[in-house]
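S.K.: Fold the following for me, if possible:
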Amino acid sequence: MVGSTAQFLPDVQNLDGATFTWTSADETIATVAADGTVTGVKAGKVMITVTTDADQGWTASYELTVSEPNYVRKDVNNVGYAVVTGGNGWGDSPVANLVDNDATTKFGCSGGGDAWAIIIASEPVAVQQYSFVTGGDTYGNPGRTPRDWKLEGSNDNQTWTVIDQQEQNYKAKTANKEQTVFTVNGTDTYKFFKFTAGNFNGGFQLGELWINEQAHTWGEPTETASTCTVEGKKVWECTDCKALKTERLPLAAHAYVNGVCTVCNAKVAEPILLANGQANDYIVKFRHKTGAENDRNIEEGWNTADFDDSAWDELVMPIGTAGYGVQHTIWQNEYNTFWFRRNFYVENPAAITKLTLKVLHDDDYAIYVNGTQIDEAGGWTNGTEWLELDVDPSLLVAGNNVVAVYIEQNWGGAYCDFYLEGKAGATIEVGDAGYATFVAPCDVDFTGAEVTPKAATFDGEYVQLADVTTVPAGTAVVVKAAEGTYTVPATTDAVLGATNELVAATADVTADGTQYILAKQGEEVGFAMATTGSTIAAGKGYLVINSPVKAFYGFDGDDATGINDIELAGENAPIYNVAGQRISKMQKGINIVGSKKILK
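M.R.: Take a look at the predicted model:
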């Protein structure tokens, strides 16, 4: 076959010490070396002759037929390719499978000395790109994908020129039957190509090795729906070569009932913003360099949310040394460095009251949220003991966010996995007045809390307050508590359960004389007219009172007002109950008007 070699040996007797000379009648069809090794050059027939310098001058000839390879795989320009020879593969994984137009087969071998192949093209071509297609069981054996390799070209199958050489390259996918393209944009043309691979773990395997751009006919995709914890996938299979291409689908929303997801049991108040890789893999964008102690700032702004990482490659996490925890990419070699970016979406950052990063790292690392460094450390974490890091929730933004990691492998084993969880709800600040207004960033539940929410209405004379338990997102309420900071958890399907006239300031509001804001006048708490032109801050609640007759309206029926001084009874004298609460009108029982107790 064109490109293949075979050694001819003369069948002789009584010619010990004789010298043999080999010749080819047409070296354009086949060449023959001094040791009788014949190499097919092109299809045809040729006479191979051997002679001896012995006294008899013996001569023998053999008519060799050189056949054209079966070019089963062709590129977009209809150039065909076939395997000529290569290393010894496993019994069901011979080297011929490397270019057999069938991604369900593979070339696999145990030793580095066998991970090589020579491929022939139907005509000389310049290499613009080449592709790996992973084996059908690569996901379960990620270490078999090579990290070092060399591609060479030749026109005589003897003298080789390097086309591309890679060391510690992690771009090749570790999913099953997936194609990875490597661009070289060569200009020199070659008939033969030699591929040599190294730096793999647990054996070597590839499903296909293709030269130049390939044509695919993709069938209808099969789709696995996403859940709230596992990304779905849409997978297309080429109807010709059986290679796959995969689109990962975003996680689905949680199916909450009474604040608990019916699928994963996650609580709405305890969201997992990024899951760890111990149960399910995940994708990061990455850059990689050989050598430890690289400059952390590989690109300006690489660890920020608005950085364009579209040119970065993808890698399946977790990554680690073989046998070290759960890993979907095998981390080979010492003294090399990764930069990872893991993007995530937050619709309502105001609803996140607590954030915790959890990290496994081996070796030295630094970790960032939206460009702010959260931690850096040398050495490594112990096995599966997660390092827990508090993160300021105010670092989150509405829309895309990113956790970014710089990590070195500088000795022994290597590993990296990280995730982000939080608590959702609301944070409330109450001042020394004992009251505040508050706009719920999400549905919240005050059950068991040390702060009490109250709906507010205006009856023309007083502000009436009514206790509530849950507050829907975007709703303004009055809250009552001792001075301090409080958090209340998120819930679902919140219902206020009372009439409420408070308006939520979703953005800063400029007062026009009709807005009343929470205020303390002397010892009395209520709502006071906001100065015209002043700003009511976003996140606060206010009342709108058209045609007001007073600048301040106190609470009625709540203990915000006490008996602080004695006034003479009269038409406008304030009325209190025996608990010292100010009321709008006398009630049955004992009422205090001015300095007198009056029974009604």
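S.K.: quick one, what contacts residue 202?
M.R.: Residues counted as contacts of residue 202 (Cβ atoms under 8 Å, 6 or more residues apart in numbering) are 141, 143-144, 322. Where you see a C-beta, it was placed from the backbone N, CA and C, and this is true even at glycine.
S.K.: Tell me how far it lies from residue 138.
M.R.: 11 Å (Cβ to Cβ, to the nearest Å).
S.K.: what touches both of the two?
M.R.: Counting by Cβ under 8 Å, 6+ apart, the residues touching both residue 202 and residue 138 are residue 144.
S.K.: ok so, going back, now list the buried members of the contacts of residue 202.
M.R.: The neighbour-count criterion (16 or more other Cβ atoms under 10 Å) marks 141, 143-144 among the contacts of residue 202 as buried.
S.K.: could you list every residue that touches the closest residue to residue 535 other than its chain neighbours?
M.R.: Leaving aside its sequence neighbours, residue 535 sits nearest to residue 508 (Cβ to Cβ, 6 or more residues apart in numbering; 5.2 Å). Residue 508 makes contact with 535-538 under the criterion Cβ under 8 Å, 6+ apart.
S.K.: same question, residue 177
M.R.: 103-104, 133-136, 138, 207, 242-244.
S.K.: one more time with 6 Å, if that's ok
M.R.: Counting by Cβ atoms under 6 Å, 6 or more residues apart in numbering, residue 177 touches 103, 136, 207, 243-244.
S.K.: who wins for most neighbours among those?
M.R.: residue 207 (30 neighbours; other Cβ atoms under 10 Å).
S.K.: Can you tell me how far residue 176 is from residue 466?
M.R.: For residue 176 relative to residue 466 (Cβ to Cβ), the value is 61 Å.
S.K.: Low-confidence ranges, this protein, go.
M.R.: Residues of the chain meeting the criterion pLDDT under 70: 12-15, 54-56, 292-293, 557-574, 576-581, 588-592, 594-600.
S.K.: per-domain residue ranges of it.
M.R.: What the record gives for the chain is the domain set 5-66, 73-211, 216-252, 266-424, 431-556, 562-600, from automatic domain parsing.
S.K.: any chance of those domains in TSV, plus distance to residue 259?
M.R.: Shown next, in TSV, are the domains of the chain (distance: least, Cβ to Cβ, whole Å):
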stretch	distance to residue 259
domain 5-66	72
domain 73-211	36
domain 216-252	14
domain 266-424	5
domain 431-556	5
domain 562-600	35
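S.K.: Which parts of the stretch 51-200 of the chain are helices?
M.R.: For the stretch 51-200 of the chain, applying DSSP state H, counting those that start in this stretch gives no helices.
S.K.: Which residue ranges of it form strands?
M.R.: For the stretch 51-200 of the chain, applying DSSP state E, counting those that start in this stretch gives strands covering 59-66, 73-74, 80-86, 107-109, 116-126, 129-133, 148-154, 161-166, 179-183, 189-198.
S.K.: okay if I get those strands as JSON lines plus mean neighbour count and distance to residue 357?
M.R.: As requested, the strands of the stretch 51-200 of the chain are exported to JSON lines (neighbours: other Cβ atoms under 10 Å; distance: least, Cβ to Cβ, whole Å):
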{"stretch": "strand 59-66", "mean neighbour count": "13", "distance to residue 357": "65"}
{"stretch": "strand 73-74", "mean neighbour count": "20", "distance to residue 357": "47"}
{"stretch": "strand 80-86", "mean neighbour count": "21", "distance to residue 357": "47"}
{"stretch": "strand 107-109", "mean neighbour count": "26", "distance to residue 357": "39"}
{"stretch": "strand 116-126", "mean neighbour count": "19", "distance to residue 357": "44"}
{"stretch": "strand 129-133", "mean neighbour count": "22", "distance to residue 357": "34"}
{"stretch": "strand 148-154", "mean neighbour count": "20", "distance to residue 357": "34"}
{"stretch": "strand 161-166", "mean neighbour count": "14", "distance to residue 357": "33"}
{"stretch": "strand 179-183", "mean neighbour count": "15", "distance to residue 357": "31"}
{"stretch": "strand 189-198", "mean neighbour count": "21", "distance to residue 357": "36"}
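S.K.: Residue 90 is in contact with residue 108, isn't it?
M.R.: Yes - the criterion here is Cβ atoms under 6 Å, and residue 90 meets it with residue 108 at 4.9 Å.
S.K.: Just put the strands of the stretch 51-200 of the chain in JSON lines and tack on distance to residue 501.
M.R.: Output for the strands of the stretch 51-200 of the chain, formatted as JSON lines (distance: least, Cβ to Cβ, whole Å):
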{"stretch": "strand 59-66", "distance to residue 501": "95"}
{"stretch": "strand 73-74", "distance to residue 501": "74"}
{"stretch": "strand 80-86", "distance to residue 501": "77"}
{"stretch": "strand 107-109", "distance to residue 501": "74"}
{"stretch": "strand 116-126", "distance to residue 501": "77"}
{"stretch": "strand 129-133", "distance to residue 501": "66"}
{"stretch": "strand 148-154", "distance to residue 501": "71"}
{"stretch": "strand 161-166", "distance to residue 501": "69"}
{"stretch": "strand 179-183", "distance to residue 501": "62"}
{"stretch": "strand 189-198", "distance to residue 501": "74"}
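S.K.: and of those strands, who's closest to residue 361?
M.R.: Nearest to residue 361, of all those, is strand 148-154, at 25.0 Å by Cβ to Cβ.
S.K.: Give the helix, strand or coil label for the closest residue to residue 391 other than its chain neighbours.
M.R.: Leaving out its chain neighbours, the residue that sits closest to residue 391 by Cβ to Cβ, 6+ apart is residue 355, at 3.8 Å. The three-state label given to residue 355 by DSSP: H, G, I helix; E, B strand; the rest coil is strand.
S.K.: Run through the residues that contact residue 355.
M.R.: Contacts of residue 355 (Cβ under 6 Å, 6+ apart): 391, 393, 422.
S.K.: in the sheet, who's paired with it?
M.R.: residue 391, residue 422 (DSSP bridges).
S.K.: mind starting the numbering at 481 from now?
M.R.: From this message on, residue numbering opens at 481, which makes the last subject residue 835.
S.K.: Report the separation between it and residue 923.
M.R.: Counting by Cβ to Cβ, the gap from residue 835 to residue 923 is 20 Å.
S.K.: what's around residue 1065, how many residues?
M.R.: 10.
S.K.: which phi and psi does it have?
M.R.: phi -150, psi 160 (degrees, to the nearest 10).
S.K.: Now it. Nearest residue, chain neighbours left out?
M.R.: residue 1055 (6.6 Å).
S.K.: cool, residue 797 as well?
M.R.: Per Cβ to Cβ, 6+ apart, closest to residue 797 is residue 757, 4.9 Å.
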